[in-house]
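Peer 1: starting from these lines, generate the structure:
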Amino acid sequence: MFGLGPVEICVIGAIAVMIYGKRLPEVGRSVGKGIGELKRSMQSITKEVDISAAMRGDLPAAVSQRPARRDDDNASASPRFDPPT
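Peer 2: Have a look, this model is predicted:
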């Protein structure tokens, strides 16, 4: 990742400990939350661009006809079983 070896990562970690000390876990959490928020924003922007391109007809037929992603992806697509009465 980024061409960093183990020595460079240790040096960066040592510098982080010297700068932030006891607040390092808090700083790590906030950086992680920021990265997560950035990823969600990028997905939202990508989705909006795909939708607008599909509406204008700029996308190939295979891409524009793919099913929309649902928020409840964990839901089963199979029919529900109703026991006999």
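
Peer 1: report the central residue of the chain.
Peer 2: Note on the chain: the residue nearest the mean C-alpha position is residue 39, at 4.4 Å, using C-alpha atoms, centre = their mean.

Peer 1: quickly find the element holding that one.
Peer 2: Using DSSP states H and E, residue 39 falls within helix 24-56.

Peer 1: name the helices or strands packed onto that helix?
Peer 2: Here helix 24-56 touches helix 6-20, helix 61-64, going by 3 or more C-beta pairs under 8 Å, 6 or more residues apart in numbering; DSSP states H and E. Backbone N, C-alpha and C define where each C-beta goes, glycine included.

Peer 1: one step back: who touches the residue nearest to the centre of the chain in this structure?
Peer 2: Contact partners of residue 39, counting by C-beta atoms under 8 Å, 6 or more residues apart in numbering, are absent.

Peer 1: please begin residue numbering at 11 from this point
Peer 2: Renumbered: residue one is now 11, and that last one reads residue 49.

Peer 1: kindly export stretch 35-42 (C-alpha atoms) in CSV.
Peer 2: Once side chains and other backbone atoms are set aside, the C-alpha atoms of stretch 35-42 remain, and they are given as CSV (Å, rounded to 0.1, in the frame of the first residue of the first chain):
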residue,chain,number,x,y,z
PRO,A,35,-7.1,5.9,19.8
GLU,A,36,-9.5,8.9,19.7
VAL,A,37,-7.7,10.3,16.7
GLY,A,38,-7.8,6.9,15.0
ARG,A,39,-11.5,6.6,15.5
SER,A,40,-12.2,10.0,14.1
VAL,A,41,-10.0,9.3,11.1
GLY,A,42,-11.8,6.0,10.5
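
Peer 1: can you give me the mean pLDDT across stretch 52-68?
Peer 2: The average of the pLDDT scores along stretch 52-68 is 85.
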